[in-house]
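Novice: Next comes the sequence, and after it the predicted model I'd like to discuss.
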Amino acid sequence: MARGVREVSPASRKFNLLMALLTSERGYTKHELFTGIDGYRQLVDASGANASLEKMFERDKQELRDRGWRIETLEDPARPGDNRFLRYRIPEGAQSMPHGLHFSAEECALIEAAYAALRSSDFADSAARGLAKIRATEATAALPSGDAPRLRARSAHFDRLSEAIASRREITFVYRKVDASQLEERHARPLALVAVDGVWMLIADDRDRKALRRFVVSRISGTIRLGDSYPDEYPSQREVTESTLAEFSELRAEQRARILVEEGSDAEVRLARRSSSRESEHTGWSELELGYLDRWLLADELAGFGPEVIVLEPAELRADVTERLERVRALHAEVSA
């Protein structure tokens with residue numbers, strides 16, 4: 001693995017694959033899985049020499065099948081016989097637990113930690129369903145009950161956007177900018193959907209602003225209207241995804257946040273995986289430095305940990321988190337009153 005690329009364990013990679021296959025009724029192509037899943041996207045070769053990655057994917061699929069998961073392969077009706085456009089999914093109700101399966105107390109703790117890491121992401125519903133199926137067996141008597149998922153497994157707009165991208169049709173939608181109180185109607189040519197840090201982003205040519213823009217899918221409101229087809233003059237979905245991920249990597253390197261996390265807390269477990277540690281002068285706290293793409297999305301995430309996280313810098317992020325926590329306190333005060 002290249003120096004500086006975060007290593008993902010085989011177990012985490014397979015779990016990420018399982019969650020993705022459970023997420024979509026439409027299924028995902030190999031390219032979408034390779035560029036969107038931790039454990040695969042770190043190994044993608046931009047030149048297209050991905051034979052070893054293909055073999056890894058086949059082994060992972062077989063292992064999931066051996067564990068009782070039925071993986072379907074769907075052919076694209078518009079491209080019959082073209083294996084590049086095959087889609088993979090696990091249909092709802094098609095999975096079963098192997099007989100005699102048993103999890104140790106340590107494995108139960110890891111399962112619960114994995115669910116905690118996903119419950120505030122776009123894969124929350126899928127993680128909740130998987131956890132419920134595991135709890136339904138006799139293999140996990142020690143598994144805690146956990147919390148109800150807080151977000152959808154993915155945005156309800158995902159399939160609509162995927163359809164628009166595949167057919168290269170213009171779209172009109174209403175979008176809420178994070179720093180604006182009003183909704184805005186946008187007209188765009190959708191080029192790719194990219195999953196980053198558990199959040200789906202739409203990469204599109206914004207026709208009003210005459211520039212490529214990134215839209216957080218969860219900030220799209222109402223119905224997405226499909227328009228006319230647009231000229232085939234843009235880079236392929238794969239090229240857009242690869243260039244976007246490269247841009248995101250550079251952005252993470254430039255935008256850095258320093259935070260304190262309470263030692264042994266859920267925040268430390270979840271945030272340390274994508275952070276670098278720094279020496280801390282505060283007893284009982286670990287200092288982390290992490291790169292981020294969107295300050296407001298990071299503020300939402302950090303505020304969700306409550307008193308387990310203290311933001312040191314940048315000051316703007318600290319203010320964003322403080323504002324969210326004060327808003328929660330005010331809402332609780334209203335309910336109490």
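Specialist: Sure, I can see it.
Novice: which parts of stretch 196-214 are buried?
Specialist: Neighbour-count burial for stretch 196-214, counted by 16 or more other C-beta atoms under 10 Å, picks out 196-207, 212, 214. (Each C-beta comes from the backbone N, C-alpha and C, glycine too.)
Novice: what's the offset of stretch 18-28 from the middle of its chain?
Specialist: 13 Å (C-alpha atoms, centre = their mean, to the nearest Å).
Novice: That stretch spans what distance, first to last residue?
Specialist: Using C-alpha to C-alpha, to the nearest Å, the end-to-end distance of stretch 18-28 comes out at 12 Å.
Novice: Turn the buried residues of stretch 196-214 into CSV, columns for pLDDT, secondary structure and distance to Tyr234.
Specialist: Shown next, in CSV, are those (pLDDT from 0 to 100; DSSP: H, G, I helix; E, B strand; the rest coil; distance: C-beta to C-beta, whole Å):
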residue, pLDDT, secondary structure, distance to Tyr234
Val196, 75, strand, 20
Asp197, 68, coil, 25
Gly198, 65, coil, 27
Val199, 77, strand, 23
Trp200, 83, strand, 20
Met201, 87, strand, 17
Leu202, 93, strand, 14
Ile203, 93, strand, 10
Ala204, 95, strand, 10
Asp205, 94, strand, 7
Asp206, 94, strand, 13
Arg207, 92, coil, 13
Leu212, 91, strand, 9
Arg214, 90, strand, 15
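Novice: so which of those would you say is closest to Ile171?
Specialist: Comparing the buried residues of stretch 196-214 against Ile171 with C-beta to C-beta places Ala204 closest, at 7.7 Å.
Novice: I figured the closest one was touching Arg213, is that so?
Specialist: Yes: if you go by C-beta atoms under 8 Å, Ala204 and Arg213 touch, sitting 6.2 Å apart.
Novice: Overlap in contacts, these two.
Specialist: The contact sets of Ala204 and Arg213 overlap at Ala188 (C-beta atoms under 8 Å, 6 or more residues apart in numbering).
Novice: Helices of the stretch 51-200 of the chain, residue ranges please.
Specialist: 51-66, 105-118, 124-135, 158-167 (DSSP state H, counting those that start in this stretch).
Novice: Is it correct that Glu268 is in contact with Ile259?
Specialist: No: if you go by C-beta under 8 Å, Glu268 and Ile259 don't touch, sitting 10.2 Å apart.
Novice: Give me the more crowded residue out of those two.
Specialist: Ile259 (25 against 20; other C-beta atoms under 10 Å).
Novice: List the contacts of Leu74.
Specialist: Counting by C-beta under 8 Å, 6+ apart, Leu74 has contacts Gly27, Leu86, Arg87, Tyr88, Arg89.
Novice: Which secondary structure state does Leu288 sit in?
Specialist: Here Leu288 is strand, with the state taken from DSSP: H, G, I helix; E, B strand; the rest coil.
Novice: I'd like to know how many residues surround it.
Specialist: 22.
Novice: so what's it bridging to?
Specialist: Ile259, Ser277 (DSSP bridges).
Novice: okay, it: pLDDT?
Specialist: With respect to pLDDT, Leu288 has a value of 91.
Novice: That one contacts Arg274, doesn't it?
Specialist: No: in this structure, Leu288 is not within contact of Arg274 by C-beta under 8 Å, at 9.2 Å.
Novice: Tell me which helix or strand Leu331 sits in.
Specialist: In the assignment (DSSP states H and E), Leu331 maps to helix 315-336.
Novice: Now do that helix: everything it contacts.
Specialist: Ala257, Arg295, Trp296, Leu298, Ala299, Asp300, Leu302, Ala303, Gly306, Val309, Val311, Leu312.
Novice: Can you tell me which of those lies closest to Ile165?
Specialist: Of all the contacts of helix 315-336, Ile165 sits closest to Trp296, with 25.1 Å by C-beta to C-beta.
Novice: so which strand or helix has that closest one?
Specialist: helix 295-303.
Novice: Domains in this protein, by residue range?
Specialist: 10-135, 158-251, 255-336 (automatic domain parsing).
Novice: Find the nearest non-adjacent residue to Asp76, please.
Specialist: Excluding the flanking residues, the one nearest Asp76 by C-beta to C-beta, 6 or more residues apart in numbering is Phe85, at 3.9 Å.
Novice: likewise Leu86?
Specialist: If the residues on either side of it in the chain are set aside, Leu86 comes closest to Thr73, at 5.5 Å by C-beta to C-beta, 6+ apart.
Novice: residues contacting Leu271?
Specialist: So Leu271 contacts Ile259, Val261, Leu288, Leu290, Val309 (C-beta under 8 Å, 6+ apart).
Novice: What strand or helix carries the second one?
Specialist: It refers to Val261. Using DSSP H and E, Val261 falls in strand 256-262.
Novice: That strand to helix 315-336, inter-axis angle?
Specialist: Counting by axes from the mean of the first three to the mean of the last three C-alpha atoms, to 10 degrees, strand 256-262 lies at 50 degrees to helix 315-336.
Novice: For Leu298, which non-adjacent residue is closest in space?
Specialist: Tyr292 (4.3 Å).
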